[in-house]
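Colleague: what's the 3D shape of this:
(one chain, ligands or ions: 1)
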Amino acid sequence: MTEKAVNLVLMGFGNVGKAFVKLLEEKTDHLRESHGLSLFLRAIFKSTGGLFPCAGFKLKDILDDPGADLRVHAFWKQNLSLESIVREVEPGVLVDCTPSNLKTGEPGLTHARLALDSGWHVVTANKGPLAVNFSGLREKASRNRLALKFSGAAAAALPALDVGLCSLAGAEVLAVEGILNGTTNFILTEMGEGRSYSEAVQEARVRGIAEPDPASDVEGWDTAVKLLLIGNAVMGLNLRLSDISVEGIVGLPAELIDRARREGKSVKLLGRIRREQGGITASVAPCVIDHSHPLFGVEGTAKGITYFTDTMGDVTLTGGKSDPRGAAAAVLKDIINIYHP
Ligand code: HSE
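Modeller: Here you go, the predicted model:
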């Protein structure tokens with residue numbers, strides 16, 4: 001197999017960014033042997049500066065193990081500019097793992113625009129830029145003949161986009177229902193087993209599933225953005241966040257969850273899009289479902305989605321790891337698929 005060398009720049013060095021670096025290290029041989037890819041991390045940026053490889057730089061040196069901070073400092077250069085890196089280094093893929101700001105899209109929006117204007121593909125786990133300017137970024141990527149991939153932002157390890165875009169090609173998706181947020185599904189499952197809401201939120205944070213500000217999970221916005229991405233990418237819609245009616249699980253009475261359980265039912269935070277005669281309706285809300293619903297058995301941190309189609313019937317997929325490693329793996333998958341679609 002001919003080998004292709006690809007440069008990467010990583011934005012963000014939080015849970016997902018670190019998990020991504022760890023995967024690059026772990027999968028080096030697999031990427032070369034199975035996909036003919038050698039991925040070179042040329043720089044890492046976080047809010048306080050940029051890390052660039054100099055003599056002795058090894059991926060394993062910057063991973064999150066005891067003493068790693070000291071070694072990180074040895075390579076850290078303040079004020080390294082993304083602009084200079086994307087202009088001076090042979091273009092490859094900009095990987096965005098910075099936190100999602102659903103109001104401004106920043107800093108990811110600026111990164112993505114700069115990369116796409118400089119010949120770099122973009123793979124993002126950051127929902128912010130897409131929530132704020134989905135169509136603008138897609139147009140820019142397409143005009144410049146570059147890839148803009150966002151599995152890591154859409155449902156991460158659950159391959160909702162791949163199935164919708166690839167496996168359902170030729171079918172019309174009439175409606176979508178999804179459990180798209182691992183944190184809230186975990187909280188609802190734990191509450192069903194008698195745990196309190198606040199204990200369950202805390203546990204989701206410890207597991208690294210919850211967003212840095214879990215309000216985005218529990219108020220339903222994380223589900224709403226994922227729904228927007230799936231609706232726009234797979235159903236060809238042009239949804240904005242303001243088009244989606246959003247209700248989260250804050251203040252949901254424990255009694256409702258108990259009663260559903262006693263009746264053999266379950267409460268799930270569902271994201272839904274339907275094509276109806278008058279147009280499109282999109283919503284996020286807690287719903288009581290029973291065993292006849294295809295997502296009934298999706299428990300804990302698992303996610304799931306059902307596509308209702310005109311020619312292929314209902315197609316459901318469930319599972320996928322909801323943690324930083326799962327999100328990082330979705331990012332890596334997107335990179336591989338740019339070069340080997
Ligand atoms: N906080 C998200 C979730 C993970 O719980 O699903 C990233 O999307």
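
Colleague: which stretches of the chain have low pLDDT?
Modeller: Within the chain, the stretches with pLDDT under 70 are 53-58, 61, 63-76, 78, 341.

Colleague: got the residues of it near the ligand?
Modeller: Contact residues, the chain versus the ligand (Cβ under 6 Å from any ligand atom): 156, 181-183, 209-211, 217, 222, 322. Backbone N, C-alpha and C define where each C-beta goes, glycine included.

Colleague: where along the stretch 1-150 of the chain do the helices fall?
Modeller: In the stretch 1-150 of the chain, the segments counted as helices under DSSP state H, counting those that start in this stretch are 15-26, 28-35, 68-75, 82-88, 108-117, 128-143.

Colleague: correction: the stretch 151-300 of the chain
Modeller: Under DSSP H, counting those that start in this stretch, the stretch 151-300 of the chain gives helices at 151-154, 160-162, 182-192, 197-206, 215-218, 221-234, 254-262.

Colleague: Tabulate those in JSON lines, adding columns for mean neighbour count.
Modeller: Below are the helices of the stretch 151-300 of the chain laid out as JSON lines (neighbours: other Cβ atoms under 10 Å):
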{"stretch": "helix 151-154", "mean neighbour count": "28"}
{"stretch": "helix 160-162", "mean neighbour count": "22"}
{"stretch": "helix 182-192", "mean neighbour count": "24"}
{"stretch": "helix 197-206", "mean neighbour count": "16"}
{"stretch": "helix 215-218", "mean neighbour count": "22"}
{"stretch": "helix 221-234", "mean neighbour count": "25"}
{"stretch": "helix 254-262", "mean neighbour count": "14"}
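
Colleague: Give the buried residues for stretch 141-152.
Modeller: By neighbour count on 16 or more other Cβ atoms under 10 Å, the buried set for stretch 141-152 is 141, 146-152.

Colleague: what does that stretch contact?
Modeller: 16, 97, 112, 116-117, 119-125, 127, 130, 137-138, 140, 159, 161-162, 229, 233, 327-328, 330-331, 333-335, 337-338 (Cβ atoms under 8 Å, 6 or more residues apart in numbering).

Colleague: hmm, which of these are the buried ones?
Modeller: So, by 16+ other Cβ under 10 Å, the buried ones in those are 16, 97, 112, 116, 120-125, 127, 130, 137-138, 140, 159, 161-162, 229, 233, 327-328, 330-331, 333-335, 337-338.

Colleague: circling back to that earlier point, can you add distance to Arg272 and give the helices of the stretch 1-150 of the chain back as CSV?
Modeller: Formatted as CSV, those follow (distance: least, Cβ to Cβ, whole Å):
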stretch, distance to Arg272
helix 15-26, 27
helix 28-35, 36
helix 68-75, 43
helix 82-88, 38
helix 108-117, 27
helix 128-143, 18
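
Colleague: Quick one: closest of those helices to Asn101.
Modeller: helix 128-143 (4.4 Å; Cβ to Cβ).

Colleague: Quick check: the gap between Arg207 and Asn15.
Modeller: 10 Å (Cβ to Cβ, to the nearest Å).

Colleague: Between the two, tell me which one has more neighbours.
Modeller: Under the neighbour definition other Cβ atoms under 10 Å, Arg207 and Asn15 were set side by side, and Asn15 has more, 18 against 15.

Colleague: Outline the domain layout of the protein.
Modeller: 4-157+324-339, 160-319 (automatic domain parsing).

Colleague: From the chain's centroid, how far away is the first one?
Modeller: The gap between where domain 4-157+324-339 is centred and where its chain is centred comes out at 13 Å by Cα atoms, centre = their mean, to the nearest Å.

Colleague: Pick out the residue of the stretch 1-150 of the chain closest to the ligand.
Modeller: Lys127 (7.1 Å; Cβ to the nearest ligand atom).

Colleague: From Gln277, how far off is that residue?
Modeller: 31 Å.

Colleague: Can you show me the strands along the stretch 201-341 of the chain?
Modeller: Applying DSSP state E, counting those that start in this stretch to the stretch 201-341 of the chain gives strands spanning 245-246, 266-276, 279-289, 303-309, 314-319.

Colleague: hey, which of the ones you listed is tucked in deepest?
Modeller: Most buried of the strands of the stretch 201-341 of the chain, by mean neighbour count (mean count of other Cβ atoms under 10 Å): strand 303-309, with a mean of 23.

Colleague: Might you report the residue contacts of Thr306?
Modeller: Here Thr306 is in contact with 176-178, 294-295, 314-316 (criterion: Cβ under 8 Å, 6+ apart).

Colleague: oh, I was asking about Leu114
Modeller: 82-83, 86.

Colleague: can you redo the residues you listed as CSV with neighbour count?
Modeller: As requested, the contacts of Leu114 are exported to CSV (neighbours: other Cβ under 10 Å):
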residue, neighbour count
Leu82, 19
Glu83, 10
Val86, 23
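
Colleague: now the residue nearest to Glu219 when sequence neighbours are not counted: how far from Ala175?
Modeller: Nearest non-adjacent residue to Glu219, counting by Cβ to Cβ, 6 or more residues apart in numbering: Gly248, 3.9 Å away. From Gly248 across to Ala175, the span is 22 Å (Cβ to Cβ).
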